[in-house]
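Asker: Sequence plus predicted model, see below.
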Amino acid sequence: MRWFDGLGAGSIGSFKELTQVFGSRFITCSKVPRPLDSLLSMTMREGETLKTYSDRYWEMFNKIDGDNDDVAIRTFKVGLPSEHNLRKSLTRKLVGNVHQLMDCIDKYKRVEEDQQLGKGKAKMVFQDRRDFRSDKYNNNRPWQDFSGQSEATAVPQAVNVLFQEPMN
């Protein structure tokens, strides 16, 4: 009764609201559902990784009652920065359900993780161990001209590639 008497005048607008407030105050181990507009305010923060943003987003999504898959798909996309590759991909290719969205997010999270692991490395590195001053190498000739070299003059080469978007 002390709690009830301590409620401010006009702080409770309906019986449903009273039961929710009472339940959250006195009933332990119960989940108070978050309003749907909680998702609308979620955006990816400056410098935040896709993994961190998606973890925050799905944690909030799971606190909301009801079937809100369509809203979840749209609000997740809108919460991404406009220049983010995942947002561009979701704009081009619409996803039909939350599971498809999560699969798409996972692909981009893997790409992001690979980029972080390869940070400081060039996106594409071409290594040629030939002496560029020698007359055996001519920049003006097309690449196919080098295929006819004998094994004795051929020098091993390597190309490292880091993809920025998942390949579909």
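Answerer: Structure received. In this text, all values refer to a predicted model and were calculated from it rather than measured experimentally.

Asker: what about this structure, any weak spots by pLDDT?
Answerer: The chain contains residues with pLDDT under 70 at 28-32, 119-168.

Asker: Tell me how it divides into domains.
Answerer: Residue ranges for the domains of the chain, per automatic domain parsing: 1-32, 34-117.

Asker: Among those domains, show me which one is buried the most.
Answerer: domain 34-117 (a mean of 15; mean count of other Cβ atoms under 10 Å). The C-beta positions use only the backbone N, C-alpha and C, and glycine is treated the same way.

Asker: Give me the distance between the two termini of that one.
Answerer: Terminal residues of domain 34-117 lie 36 Å apart, using Cα to Cα, to the nearest Å.

Asker: swap in stretch 64-84?
Answerer: End-to-end distance for stretch 64-84, by Cα to Cα: 26 Å.

Asker: Which secondary structure element is home to the nearest residue to R25 once chain neighbours are set aside?
Answerer: Nearest residue to R25, sequence neighbours excluded (Cβ to Cβ, 6 or more residues apart in numbering): W3, at 6.4 Å. If you go by DSSP states H and E, W3 is part of helix 2-5.

Asker: which other helices and strands contact that helix?
Answerer: Contacts defined by 3 or more Cβ pairs under 8 Å, 6 or more residues apart in numbering; DSSP states H and E place helix 2-5 against no helix or strand at all.
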